[in-house]
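Peer 1: Below are the sequence and a predicted model; questions follow.
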Amino acid sequence: QVQLVESGGGLVQAGGSLRLSCAASARTFSSYSMAWFRQAPGKEREFVAVIGWSGGITRYADSVKGRFTISRDNAKITAYLQMNSLKPEDTAVYYCSAGASVASFTDKIGGYDYWGQGTQVIVSS
């Protein structure tokens with residue numbers, strides 16, 4: 001069982017930056033793909049970014065490409081999402097997820113085994 005705890009959300013003006021963190025409970029963290037999803041009010045949860053177990057490969061949703069950067073520190077068993085040039089449409093609850101299989105390097109919700117409780121990001125215009 002892996003527990004994930006997100007932090008770093010908050011209120012920021014458009015054009016600003018935030019860094020989200022996802023602290024994991026298990027030392028096996030280094031073998032998991034880690035991803036960020038988000039869910040805006042009244043909308044379905046959507047993929048934001050994923051990073052492979054070694055940190056060598058990443059993938060982003062088109063809506064955040066060039067503005068967001070996903071990273072991980074396996075020694076600290078923590079994943080990060082650096083969000084720059086934030087827009088009001090980035091407002092959502094952001095969720096961290098972990099997937100144990102090779103197929104977990106995906107933009108599909110079903111590819112992940114563990115989820116955090118979410119952290120709220122509000123971008124004001």
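Peer 2: Structure received.

Peer 1: CA only for contacts and neighbour counts going forward, please
Peer 2: Fine.

Peer 1: Now do the strands in the protein.
Peer 2: Using DSSP state E, the strands of the chain run over 4-7, 10-13, 18-24, 33-39, 46-51, 58-60, 68-73, 78-83, 92-99, 114-115, 119-124.

Peer 1: Throw these into JSON lines and include distance to Phe105, thanks.
Peer 2: Converted to JSON lines, the strands of the chain look like this (distance: least, C-alpha to C-alpha, whole Å):
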{"stretch": "strand 4-7", "distance to Phe105": "17"}
{"stretch": "strand 10-13", "distance to Phe105": "28"}
{"stretch": "strand 18-24", "distance to Phe105": "17"}
{"stretch": "strand 33-39", "distance to Phe105": "6"}
{"stretch": "strand 46-51", "distance to Phe105": "7"}
{"stretch": "strand 58-60", "distance to Phe105": "9"}
{"stretch": "strand 68-73", "distance to Phe105": "13"}
{"stretch": "strand 78-83", "distance to Phe105": "15"}
{"stretch": "strand 92-99", "distance to Phe105": "8"}
{"stretch": "strand 114-115", "distance to Phe105": "14"}
{"stretch": "strand 119-124", "distance to Phe105": "22"}
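
Peer 1: Throw those strands into a markdown table and include mean neighbour count and mean pLDDT, thanks.
Peer 2: Output for the strands of the chain, formatted as a markdown table (neighbours: other C-alpha atoms under 10 Å; pLDDT from 0 to 100):
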| stretch | mean neighbour count | mean pLDDT |
| --- | --- | --- |
| strand 4-7 | 21 | 96 |
| strand 10-13 | 15 | 98 |
| strand 18-24 | 21 | 97 |
| strand 33-39 | 26 | 97 |
| strand 46-51 | 24 | 98 |
| strand 58-60 | 18 | 97 |
| strand 68-73 | 20 | 97 |
| strand 78-83 | 21 | 97 |
| strand 92-99 | 26 | 96 |
| strand 114-115 | 18 | 95 |
| strand 119-124 | 19 | 98 |
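
Peer 1: so which of the ones you listed comes closest to Lys108?
Peer 2: strand 46-51 (7.1 Å; C-alpha to C-alpha).
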